[in-house]
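Visitor: Got a predicted structure plus its sequence, pasted below:
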Amino acid sequence: MDCDFDNPAAVCPRCGFHGRPGLQKNCKQSPEITTPCAHLGRELRRKICPTCQGETKIFIFACAVHAECAISDRLPGVKCCGACGQYQPRPAAQAG
């Protein structure tokens, strides 16, 4: 599955990778997770990805379970929604 950069921020909603419209990149997000987690809160900060090209920033969000998390698995020490045993899909009425 490729990342989806078809949004104003050009950030894949599944893995948090910052790209550009038209870029094709294999998405690192688990394919089962297509809805934000119910525990995911507001954006807290952005941190430069240590393994990405350039100055790609990963979004770090508030998390009701882990205090903070990222949709991407590229930040050591930051929990990732795609690998979390407490992941719960957000109800459809709240997904947007």
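Guide: Now that the structure is in, tell me what you want to look at.
Visitor: by contact count, what packs against the strand with the most length in the chain?
Guide: The longest strand of the chain (DSSP state E) is strand 40-48. The elements that strand 40-48 packs onto, with contact taken as 3 or more C-beta pairs under 8 Å, 6 or more residues apart in numbering; DSSP states H and E, are strand 57-63. Quick note: C-beta positions are derived from backbone N, CA and C, even for glycine.
Visitor: So what's the model's average confidence on the helix or strand just after the strand it packs on?
Guide: Going down the chain from strand 57-63, the next helix or strand is strand 67-69, by DSSP states H and E. When pLDDT is averaged over strand 67-69, the result is 93.
Visitor: strands paired with strand 67-69, and their directions?
Guide: In the sheet, strand 67-69 lines up against strand 57-63 (antiparallel) (DSSP bridges).
Visitor: what mean pLDDT would you report for the partner strand?
Guide: Strand 57-63 comes out at a mean pLDDT of 90.
Visitor: Give me the angle between it and strand 40-48.
Guide: Angle, strand 57-63 to strand 40-48, by axes from the mean of the first three to the mean of the last three C-alpha atoms, to 10 degrees: 150 degrees.
Visitor: buried ones in strand 57-63?
Guide: Residues of strand 57-63 classed as buried by neighbour count (16 or more other C-beta atoms under 10 Å): 57-61, 63.
Visitor: hey, what's residue 46 bridged with?
Guide: Going by DSSP bridges, residue 46 forms beta bridges with residue 59.
Visitor: How many neighbouring residues does it have?
Guide: Other residues lying near residue 46 total 15 when counted by other C-beta atoms under 10 Å.
Visitor: Output the below-cut-off pLDDT ranges for this structure.
Guide: Applying pLDDT under 70 to the chain flags the ranges 1, 5, 7-9, 13-16, 18, 26-34, 74, 93-96.
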